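Engineer: Need the 3D shape of this:
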Amino acid sequence: MNISKNTRATDFSKAMESGQIEASFLNMKAYLPFRTIPKSSHPIIFPKFENIPLPLDFNYAGRIFNTLEYLDYSYTQGLLVLQNDKIVYENYWRGQNEASQHIAWSVSKSYVSALFGIALEEGYIRSIEQTVDEYLPELIGTDCQGIKIKDVLQMSSGIKFDETYSNPESDVNKFWDNFLMGNPQINFIKGLRLFRQPGTYNDYISVNTDILGLIIARATNQNLSSYLREKLLDPLGTEFEANWITDNEGVEIAHAGFNASMRDFAKLGSLYLHKGCWKGKQLVPAAWVEASTHSTEAYLQAESLNSSKPGMGYGYQWWLCDGNEGEFMAIGVYNQYIYVNPTRHTVIVKNSANQNYNELVNPFKESMAHLELFRKIARR
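Structural biologist: Now for the predicted structure:
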């Protein structure tokens with residue numbers, strides 16, 4: 001898909017204006033290059049029941065929130081609740097429908113993690129104790145040389161990277177500027193600097209996932225989209241077409257570029273709920289799912305002070321919830337979620353286009369508030 005650099009940057013900038021994102025998040029391929037991923041050759045459709053009543057309200061930080069108002073004020077576009085692999089609630093707003101390809105943003109990271117575990121199991125990658133430059137020799141001689149893959153998986157690479165979306169000078173926005181101008185991702189990564197000792201501090205930065213995506217593609221000699229389709233989406237029986245945003249060279253934006261339907265997002269949650277097993281077949285190694293959704297390192301715990309996001313722990317590209325029900329989440333900017341509660345056999349997917357996401361203080365954008373809503377739904 002050929003789009004001039006200047007046109008792409010201008011169109012994308014307009015698409016990301018707060019008043020436009022409801023439509024833009026449902027049609028990102030109109031603004032950016034992408035790779036289409038066909039629906040499964042054997043779609044699997046979850047049984048669907050009449051919608052359960054949502055809880056009237058929930059509590060967060062000592063405040064009672066009306067559920068429907070919260071969904072509205074967080075600019076929800078879709079909400080799906082899966083319990084015991086049956087759809088018990090599904091609703092759409094603001095232009096989304098069951099077939100819409102909604103951008104996942106950082107929920108994409110959890111798909112990359114699954115692919116990494118599969119590539120490891122298949123022998124394309126020998127060990128997560130290896131260093132990133134063993135697969136990306138372009139990083140030899142840079143600050144990224146010597147960083148262990150495991151530390152990248154756990155968002156503990158030590159790379160200096162400002163993830164502030166509201167700051168046009170932040171590193172994450174510079175990454176997107178670099179992408180929009182057609183420059184290879186690896187060149188941007190080569191210029192990054194180390195900030196602290198790897199494996200000592202949980203610092204959530206998106207570029208870690210881009211490194212993982214490049215390693216998968218290099219090791220398997222496949223693009224992420226084709227590997228994802230073969231190893232996950234086709235076996236999962238995706239009901240609708242998906243797509244993944246790419247750079248000018250056809251390399252997927254691993255940390256944020258995947259687009260799919262809400263029902264098909266729920267399939268990833270269900271897969272992990274069942275420890276990587278789907279319809280009797282182990283798609284993702286059970287040990288990888290376990291390691292991805294649990295952590296033993298002190299700095300990855302929810303209560304750790306050595307974390308840029310206190311209150312939630314971190315595994316292999318999955319957020320870990322504090323508590324005793326084993327919950328974990330995939331989280332994307334502007335309030336995208338796949339919430340998994342193994343104890344309650346519940347998966348909840350939420351797509352949103354929260355126009356107020358960049359406000360410093362706004363409970364309607366907080367993931368911890370969403371977590372309390374999801375918990376109330378799961379415990380109905």
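Engineer: buried ones in stretch 52-63?
Structural biologist: Within stretch 52-63, the residues that count as buried by 16 or more other CB atoms under 10 Å are 54, 58, 60. Just so you know, the C-beta spots here come from the backbone N, C-alpha and C atoms, and that holds for glycine as well.
Engineer: Stretch 72-89 too?
Structural biologist: 73-83, 87-89.
Engineer: Cross these against strands and list the overlap.
Structural biologist: Judged by DSSP state E, the buried residues of stretch 72-89 include 76-83, 87-89 as members of strands.
Engineer: So what sits opposite the residue nearest to Phe46 when sequence neighbours are not counted in the bridge?
Structural biologist: Distances taken as CB to CB, 6 or more residues apart in numbering put Ile87 closest to Phe46, at 4.9 Å, once the chain neighbours are dropped. With DSSP bridges applied, Ile87 shows beta-bridge pairing to Lys48, Leu82.
Engineer: now swap in the one 4 residues further on and tell me
Structural biologist: Following DSSP bridges, Asn91 is listed with bridge partners Leu79.
Engineer: where along the protein do the helices fall?
Structural biologist: With DSSP state H, the ranges of helices along the chain come out as 5-15, 21-24, 67-73, 108-121, 149-153, 171-180, 185-190, 207-220, 224-228, 234-236, 262-273, 286-292, 367-378.
Engineer: Please save the CA atoms from the fifth one in CSV.
Structural biologist: Coordinates of each C-alpha in helix 149-153 appear next as CSV, following Å, rounded to 0.1, in the frame of the first residue of the first chain:
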residue,chain,number,x,y,z
ILE,A,149,15.8,-11.2,25.9
LYS,A,150,14.1,-12.1,29.3
ASP,A,151,14.6,-8.5,30.5
VAL,A,152,13.0,-7.2,27.3
LEU,A,153,10.1,-9.5,27.8
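Engineer: can you tell me which residues contact the residue nearest to the spatial centre of the chain?
Structural biologist: The C-alpha lying nearest the average C-alpha coordinate of the chain belongs to Val107 (CA atoms, centre = their mean; 1.4 Å). Under the criterion of CB atoms under 8 Å, 6 or more residues apart in numbering, the contact list for Val107 reads 258, 265, 330-332, 336-338.
Engineer: Please apply the same query to Val207.
Structural biologist: Val207 neighbours (CB under 8 Å, 6+ apart): 159, 161, 171-172, 175, 188-189, 192, 255.
Engineer: which of those lies closest to Leu26?
Structural biologist: His255 (20.0 Å; CB to CB).
Engineer: what about the residue nearest to Asp162 when sequence neighbours are not counted, how many residues close to it?
Structural biologist: Closest residue to Asp162 apart from its sequence neighbours, by CB to CB, 6+ apart: Ser170 at 4.1 Å. Around Ser170 there are 15 other residues, counting by other CB atoms under 10 Å.
Engineer: same check, this time on the one 5 residues further on
Structural biologist: Other residues lying near Phe175 total 24 when counted by other CB under 10 Å.
Engineer: looking at it, it is touching Phe188, isn't it?
Structural biologist: Yes. If you go by CB atoms under 8 Å, Phe175 and Phe188 touch, sitting 5.9 Å apart.
Engineer: wait, what's in contact with Leu68?
Structural biologist: So Leu68 contacts Leu54 (CB under 8 Å, 6+ apart).
Engineer: Could I get the pLDDT score of it?
Structural biologist: We have a pLDDT of 98 for Leu68.
Engineer: Would you mind measuring from it to Leu56?
Structural biologist: 8 Å (CB to CB, to the nearest Å).
Engineer: and the residue nearest to Asp162, what does it touch?
Structural biologist: Residues near Ser170 by CB under 8 Å, 6+ apart: 162-164.
Engineer: let's go with 10 Å and repeat that
Structural biologist: Contacts for Ser170 (CB atoms under 10 Å, 6 or more residues apart in numbering) come out as 161-164, 176.
Engineer: what do you get for Ser40?
Structural biologist: 229, 232-241, 264, 267.
Engineer: What does it show for phi and psi?
Structural biologist: phi -60, psi 150 (degrees, to the nearest 10).
Engineer: measure it to Tyr111 for me?
Structural biologist: 15 Å.
Engineer: for Asn335, same thing?
Structural biologist: Counting by CB to CB, the gap from Asn335 to Tyr111 is 18 Å.
Engineer: which of the two has more neighbours?
Structural biologist: Applying other CB under 10 Å to Asn335 and Tyr111 shows that Tyr111 carries more neighbours, namely 26 against 23.
Engineer: Excluding chain neighbours, what is closest to the more buried one?
Structural biologist: Nearest one to Tyr111, counting by CB to CB, 6+ apart, is Phe258 at 5.7 Å.
Engineer: How about Tyr204?
Structural biologist: Met155 (4.9 Å).
Engineer: So the one you found is in contact with Lys109, correct?
Structural biologist: Yes. Counting by CB atoms under 10 Å, Lys109 is a contact partner of Met155 at 9.2 Å.
Engineer: between the two, who's got more neighbours?
Structural biologist: Neighbour totals were compared for Met155 and Lys109, and Lys109 leads with 29 against 25 (other CB under 10 Å).
Engineer: quick one: contacts for that one?
Structural biologist: Going by CB under 10 Å, 6+ apart, Lys109 touches 153, 155, 204, 206, 208-210, 212-213, 254-256, 258, 316-319, 330-332.
Engineer: Out of those, which sit inside strands?
Structural biologist: Short answer: the contacts of Lys109 in strands (DSSP E) are 258, 319, 330-332.
Engineer: Between these, which sits nearest Gly95?
Structural biologist: Gly332 (17.8 Å).
Engineer: before we move on, the earlier item: could you flag which of the contacts of Val207 are buried?
Structural biologist: For these, buried by 16+ other CB under 10 Å: 159, 161, 171-172, 175, 188-189, 192, 255.
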